[in-house]
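S.K.: using only what follows, build the 3D model:
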Amino acid sequence: MKKILLSTLLICLFPVFAFGGPFLVCDPQTGVTSYKITGPSWVVSPVPAQTNGSLKMDVATSTVGVNSLTVSACITDPIWGEACSAAVPFAFTRPASPNASVGIGLIK
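M.R.: You can find the predicted model right below:
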């Protein structure tokens, strides 16, 4: 019993790191191989589709303020080449970092 309790406590003491950031995502789409994204200079395009055909693009490097993007789903066929859907607009606002704290001190 003591070994189980000690093991449980040790497992709980190890931190679990979960990295999450803002991601641009879409529902799975059969056959989609990549997504063409246009927008500001921080946008990297094309973005390979996930294994289920969905989109997952990290937007952590976006600029502060309004960011406007367009997204097109693309398929690649060995005979016909690449074919893309009509571009869909997407806009989001990245907030600025808070101002520095002032008036920090100790009181008794």
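
S.K.: and R94, its phi and psi?
M.R.: phi -90, psi 130 (degrees, to the nearest 10).

S.K.: that one contacts S68, correct?
M.R.: No - no contact is recorded between R94 and S68 when judged using Cβ atoms under 8 Å, the distance being 11.9 Å. (Glycine included, C-beta is placed from N, CA and C.)

S.K.: which one's more surrounded, those two?
M.R.: For R94 and S68, the more surrounded residue by other Cβ atoms under 10 Å is R94, and the numbers stand at 14 against 11.

S.K.: quick one: low-confidence residue ranges for the chain.
M.R.: Judged against pLDDT under 70, the low-scoring parts of the chain cover residues 1-2, 4-20.

S.K.: for it, longest strand please?
M.R.: strand 65-77 (DSSP state E).

S.K.: kindly export it (C-alpha atoms) in PDB.
M.R.: Output in PDB follows, covering the C-alpha atoms of strand 65-77 (Å, rounded to 0.1, in the frame of the first residue of the first chain):
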ATOM      1  CA  GLY A  65      -3.500  44.000 -34.500                       C
ATOM      2  CA  VAL A  66      -5.900  42.800 -37.300                       C
ATOM      3  CA  ASN A  67      -4.600  40.000 -39.500                       C
ATOM      4  CA  SER A  68      -6.500  39.200 -42.700                       C
ATOM      5  CA  LEU A  69      -6.000  35.900 -44.500                       C
ATOM      6  CA  THR A  70      -7.500  34.000 -47.300                       C
ATOM      7  CA  VAL A  71      -7.500  30.200 -47.300                       C
ATOM      8  CA  SER A  72      -7.900  27.800 -50.200                       C
ATOM      9  CA  ALA A  73      -8.000  24.000 -50.000                       C
ATOM     10  CA  CYS A  74      -6.000  22.200 -52.700                       C
ATOM     11  CA  ILE A  75      -5.700  18.700 -54.100                       C
ATOM     12  CA  THR A  76      -2.900  17.300 -56.200                       C
ATOM     13  CA  ASP A  77      -3.700  14.900 -59.000                       C
END
